[in-house]
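# Next comes the sequence, and after it the predicted model I'd like to discuss.
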Amino acid sequence: MIYWQIFLAFFIPGILGYGGGPASIPLVEKEVVDRYGWMNTQEFSEVLALGNSLPGPIATKMAGYVGYAEGGVLGAVVGLFGAVAPSLILMIALMAILFKYKDSREVKNISKVVKPVIAVLIGVMTLDFILTSEASLGGIQTAILMVASYLMLEKWKLHPALVIGLALLYGAVTGIFIA
């Protein structure tokens with residue numbers, strides 16, 4: 001029964017919480033604190049603060065934590081599944097519709113419009129990363145990281161995870177010598 005409750009505690013806010021994790025936090029609190037009594041408000045706020053300090057979506061981090069606290073490893077898995085199930089169901093339904101009409105002119109026109117928008121969004125995000133890096137590291141360090149990353153990804157075809165790891169290592173080493 002506890003696993004069903006864990007699932008519902010995160011599935012229902014996932015359906016009703018339009019706007020992602022931040023919009024669903026009050027709904028999760030209502031389930032976890034008020035409905036099931038697994039935590040009090042203070043404990044929930046501490047879990048929320050911890051979740052906000054870690055990278056990734058807040059709803060899944062909270063689902064994993066609460067699920068683990070209430071049901072162990074299986075509870076964490078059930079909580080995570082409950083948190084992502086609404087998006088998963090919607091994506092599958094939309095993909096089924098998109099696949100059904102993939103050859104229609106309207107869908108092809110939507111794709112023609114969406115691709116450049118995504119490219120611009122990624123470009124703006126990249127520029128923002130470059131400017132932030134330049135402001136915190138300086139122009140020379142940013143240029144070294146950009147050129148080295150480009151060469152590793154495009155010329156030497158290294159896996160992106162390896163490039164990220166090497167960039168972190170570079171940052172750690174230069175941080176030691178510069179500090």
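The structure has been received and is ready for your questions.

# got the residue ranges for the helices in the protein?
Remark: helices assigned in the chain by DSSP state H are 2-16, 21-29, 41-53, 58-100, 105-137, 139-150, 160-178.

# Arg35 is nearest to which of these?
Taking Cβ to Cβ, helix 2-16 is the member of these nearest to Arg35, at 7.3 Å. Every C-beta, even on glycine, is put in place using the N, C-alpha and C of the backbone.

# What residues of stretch 58-78 count as buried?
58-71, 75-78 (16 or more other Cβ atoms under 10 Å).

# can you check stretch 142-149 too?
For stretch 142-149, by 16+ other Cβ under 10 Å, it's 142, 145, 149.

# Please apply the same query to stretch 32-49.
32-33, 36, 38-39, 44, 47-48.

# Can I get those in CSV including pLDDT and distance to Thr132?
What follows is these, written out as CSV (pLDDT from 0 to 100; distance: Cβ to Cβ, whole Å):
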residue, pLDDT, distance to Thr132
Val32, 95, 35
Val33, 93, 37
Tyr36, 96, 41
Trp38, 96, 38
Met39, 94, 36
Phe44, 92, 32
Val47, 89, 29
Leu48, 88, 26
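
# Widest-spaced pair of those?
Tyr36 and Leu48 (16.4 Å).

# is it true that Leu145 touches Ser133?
Yes: Leu145 lies in contact with Ser133 (Cβ atoms under 8 Å); the separation is 7.0 Å.

# who touches stretch 54-72?
Stretch 54-72 is contacted by residues 2-3, 5-6, 9-10, 13-14, 17, 20-22, 24-25, 28, 32, 38-39, 47-48, 50-52, 75-80, 82-84 when judged by Cβ atoms under 8 Å, 6 or more residues apart in numbering.
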